[in-house]
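Colleague: Can you look at this prediction? I've put the sequence above it.
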Amino acid sequence: MDHLTFAFWFLVASLLGATAFYSVGVYRQQSANQSREAKLENGDLVQLAKVIDGDTIVVNKGSEGSVTIRLLGIKTLPSKHGKDETAVFGRASEEALKRIISDQPMRVLLNNPPRDRHGRTLATLYAGDQDVGLALVAQGHALVFSVYPFPSMPLYLQAQNEARSKHLGLWTDAEVSARAEALMREWAKQGG
């Protein structure tokens, strides 16, 4: 075997070894992260740790760890697209979410199934006796995500219709309202 062939195979073996070593490290890190995630059950009390966006938050369950929760039945406008006219309404939904929760404990009502395709916990949260998602819809900060029916959907749709008729939140802007209507029509088609 000449030196060039030996060098080639040595490089291949080194790269395979490095890949295996890196993969084991990634697996261990993912396992550690998953083991730190708190296990939630219906009725558990949680505290806000972080608002990701208007419909996704991270909560703490005491010393047991944290969980990412996607609020069931709602969709807020994106807040991260700076020049998009919807971004201001996305940021408003985040601020409204913080106000509704306002450092009080929240009670969890898990969906069935309890996780979405991104691994987030799907749940309805109650701050006091207030349904957090319903409050966002009623204030015009969220749309009812009707693709997957959920038990409180009729109540959410009624609140959405009232917010729209009163021109609250995102319903104050004609162009954003038109985009919201288009989204809702698309979701209605997807939901059957």
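Modeller: Thanks, I have it.
Colleague: What is the burial count for the nearest residue to residue 168 once chain neighbours are set aside?
Modeller: Nearest residue to residue 168 in three dimensions, chain neighbours excluded: residue 140, at 3.3 Å (CB to CB, 6 or more residues apart in numbering). Every residue, glycine included, has its C-beta placed from N, CA and C. Neighbours of residue 140 under the rule other CB atoms under 10 Å: 25.
Colleague: State the distance from residue 140 to residue 100.
Modeller: 13 Å (CB to CB, to the nearest Å).
Colleague: follow-up on the earlier one: right, and the residue nearest to residue 168 touches residue 172 too?
Modeller: Yes - if you go by CB atoms under 8 Å, residue 140 and residue 172 touch, sitting 7.4 Å apart.
Colleague: So this structure: which segments form each domain?
Modeller: Annotated domains of the chain cover 1-36, 45-191 [automatic domain parsing].
Colleague: and those, which one is worst for confidence?
Modeller: Mean pLDDT values for the domains of the chain show the minimum at domain 1-36, a mean of 63.
Colleague: before we move on, the earlier item: out of the domains of the chain, which is the most enclosed?
Modeller: With neighbours taken as mean count of other CB atoms under 10 Å, these reach their highest mean count in domain 45-191, at a mean of 17.
Colleague: Check the offset of it from the chain's centre.
Modeller: Its chain's C-alpha centre and that of domain 45-191 lie 8 Å apart, by CA atoms, centre = their mean, to the nearest Å.
Colleague: Contact partners for the residue lying closest to residue 76 once chain neighbours are set aside?
Modeller: Nearest in space to residue 76, with sequence neighbours left out and distances taken as CB to CB, 6+ apart, is residue 54 at 3.0 Å. The contact partners of residue 54, taken as CB atoms under 8 Å, 6 or more residues apart in numbering, are 76, 77, 79, 90, 93, 94, 96, 97, 136, 141, 142.
Colleague: What segments of the protein are strands?
Modeller: 45-53, 56-60, 66-71, 74-75, 106-115, 121-127, 130-131, 143-144 (DSSP state E).
Colleague: So which of those strands is nearest residue 38?
Modeller: strand 66-71 (5.1 Å; CB to CB).
Colleague: What is the closest one packed up against?
Modeller: strand 45-53, strand 56-60, strand 121-127, helix 132-138 (3 or more CB pairs under 8 Å, 6 or more residues apart in numbering; DSSP states H and E).
Colleague: Make a markdown table from those and add distance to residue 184 to it.
Modeller: Shown next, in a markdown table, are those (distance: least, CB to CB, whole Å):
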| stretch | distance to residue 184 |
| --- | --- |
| strand 45-53 | 19 |
| strand 56-60 | 20 |
| strand 121-127 | 20 |
| helix 132-138 | 12 |
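Colleague: Tell me which of those approaches residue 147 most closely.
Modeller: strand 121-127 (12.6 Å).
Colleague: orientation of that closest one relative to strand 45-53 in degrees?
Modeller: Here strand 121-127 runs at an angle of 110 degrees relative to strand 45-53 (axes from the mean of the first three to the mean of the last three CA atoms, to 10 degrees).
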